[in-house]
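> turn this into a structure:
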Amino acid sequence: MFGIPGKQAVTITPKAAGQIAKLMAKDGHTGLRIGVKKGGCAGMEYTMEYVTETNPLDEVVEQDGARVMIAPMAQMFLFGTEIDYEVSLLEAGFKFNNPNVTEACGCGESIKFKDQDTAAAS
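Residues are numbered from 1 along each chain as shown. Below you'll find the predicted structure:
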């Protein structure tokens, strides 16, 4: 487990938990794995994928019927992040309120971290 003992790596808002639980139930997925990878105009991008089994090295966060797994190499980048789900007139989707991000591109899909020299993978 990465981070502070007894403290979850990420928090999930009730809206996000509801959406994740709905997605899990729809196709029988075990949860949603979140990671980061190199790419995008700011250098890094979030990744999200459905999973049917947990990697023993994943950090698992469960809340209100939702299960999120954080890929091992992403744990240090995502620690302290709040996962939200927002619906607007033009779009709906997950939003990451991440205190570790130092820059984000205009489209909001690419991010930069303070110590980005460290290779990260999902």
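> from memory residue 16 sits against residue 81, does it?
No: applying Cβ atoms under 8 Å, one finds residue 16 not in contact with residue 81, separated by 11.0 Å. The way it works is simple: take the backbone N, C-alpha and C, and place the C-beta from them, glycine included.
> who's more crowded, the two?
Neighbour count, other Cβ atoms under 10 Å: between residue 16 and residue 81, residue 16 has more, with 24 against 21.
> ok, now which ones touch the more buried one?
Shown in contact with residue 16 (Cβ atoms under 8 Å, 6 or more residues apart in numbering): 66, 83, 84, 85, 94.
> any weak-confidence spans in the protein?
Along the chain, the model assigns pLDDT under 70 to residues 1-7, 40-42, 103-122.
> how about the helices in the protein?
14-27, 75-78 (DSSP state H).
> so which of these is nearest residue 34?
Ranking the helices of the chain by proximity to residue 34 (Cβ to Cβ) places helix 75-78 first, at 6.6 Å.
> check which helices and strands that closest one sits against.
strand 31-38 (3 or more Cβ pairs under 8 Å, 6 or more residues apart in numbering; DSSP states H and E).
> and the strand it packs on, what's buried?
For strand 31-38, the neighbour count (16 or more other Cβ atoms under 10 Å) marks 31, 32, 33, 34, 35, 36, 37 as buried.
> most centrally placed residue in this protein?
The centroid of the chain falls nearest to residue 34 when counting by Cα atoms, centre = their mean (4.0 Å).
> that residue contacts residue 67, correct?
No: contact criterion Cβ under 8 Å: residue 34 and residue 67 do not qualify, at 11.2 Å.
> what touches both of the two?
Common neighbours of residue 34 and residue 67 are not found (criterion: Cβ under 8 Å, 6+ apart).
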